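**Student:** Sequence first, predicted coordinates after that:
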Amino acid sequence: MSRIGKKPVSIPAGVSVAVENGSVTVKGPRGELVLKVPPGMSVRVEDKTVVVERPSESRQHRALHGLTRALVANMVLGVTKGFRKTLEIVGVGYRAEKKGAALALNVGYSHPIHFQPPQGIKIDLPSPTVIVVDGADKQLVGEVAAEIRAFRPPEPYKGKGIRYQGEQVRRKAGKTAAGPGAAAGA
């Protein structure tokens, strides 16, 4: 039995969970999320908990059991507390600014990059070099943060670019002025 899958998901106060037509809908103070349940998995609500069950012990059903339970747990957590990813911009002259709901990034290109976040995602700028991506859907928050990071990923020589907060960038040594045999060839 899947250790994650058999653990029930508790429903906090102010959150409602509905199961109908093969999908789970979770409503809470931060919004509403819908999950299409994988075929074979059964999800039911029992007195303030959500229970996920599988039809057989096949390898695929065992894998989907834990996955479905984790997705439902993330939905419940998302509509109550939400999810957040913080990005840092490193580099001389690199900065971000808000233009309405859109984000304008100046990260070393000849033009600013304009990024319009999808619905359900809120972007904050506590400072010009810190971007906070906030939302109820864990997958969407991570996807948006990855898209923003992809505009200028951190490079290994000077470490310039957009990185996740706390991300360690492995640095490489640059070229040296005179290596062995450099003067002998002249």
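**Tutor:** Perfect, thanks for sending it. Everything quoted here is computed from the prediction, not taken from an experiment.

**Student:** how about the strands in the chain?
**Tutor:** If DSSP state E is used as the criterion, the strands of the chain fall at 9-10, 16-20, 23-28, 31-36, 42-46, 49-53, 83-90, 95-99, 102-106, 113-115, 121-127, 130-135, 161-164.

**Student:** Could you dump these into a markdown table and include mean neighbour count?
**Tutor:** Where C-beta positions appear, they are placed from N, C-alpha and C, glycine not excepted. As requested, those are exported to a markdown table (neighbours: other CB atoms under 10 Å):
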| stretch | mean neighbour count |
| --- | --- |
| strand 9-10 | 16 |
| strand 16-20 | 13 |
| strand 23-28 | 19 |
| strand 31-36 | 15 |
| strand 42-46 | 14 |
| strand 49-53 | 18 |
| strand 83-90 | 18 |
| strand 95-99 | 15 |
| strand 102-106 | 17 |
| strand 113-115 | 14 |
| strand 121-127 | 14 |
| strand 130-135 | 20 |
| strand 161-164 | 19 |
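
**Student:** could those go into a markdown table alongside mean pLDDT?
**Tutor:** Putting the strands of the chain into a markdown table (pLDDT from 0 to 100) gives the following:
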| stretch | mean pLDDT |
| --- | --- |
| strand 9-10 | 92 |
| strand 16-20 | 93 |
| strand 23-28 | 94 |
| strand 31-36 | 94 |
| strand 42-46 | 91 |
| strand 49-53 | 92 |
| strand 83-90 | 96 |
| strand 95-99 | 94 |
| strand 102-106 | 94 |
| strand 113-115 | 95 |
| strand 121-127 | 95 |
| strand 130-135 | 96 |
| strand 161-164 | 95 |
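
**Student:** need those strands in a markdown table with distance to residue 66, can you?
**Tutor:** What follows is those, written out as a markdown table (distance: least, CB to CB, whole Å):
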| stretch | distance to residue 66 |
| --- | --- |
| strand 9-10 | 12 |
| strand 16-20 | 18 |
| strand 23-28 | 16 |
| strand 31-36 | 14 |
| strand 42-46 | 13 |
| strand 49-53 | 9 |
| strand 83-90 | 20 |
| strand 95-99 | 37 |
| strand 102-106 | 35 |
| strand 113-115 | 34 |
| strand 121-127 | 27 |
| strand 130-135 | 24 |
| strand 161-164 | 26 |
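
**Student:** Figure out which of these is closest to residue 65.
**Tutor:** Using CB to CB as the measure, strand 49-53 is the one of these that comes nearest residue 65, at 6.4 Å.

**Student:** strands paired with the closest one, and their directions?
**Tutor:** Using DSSP bridges, the strands paired with strand 49-53 in its sheet are strand 9-10 (antiparallel), strand 42-46 (antiparallel).
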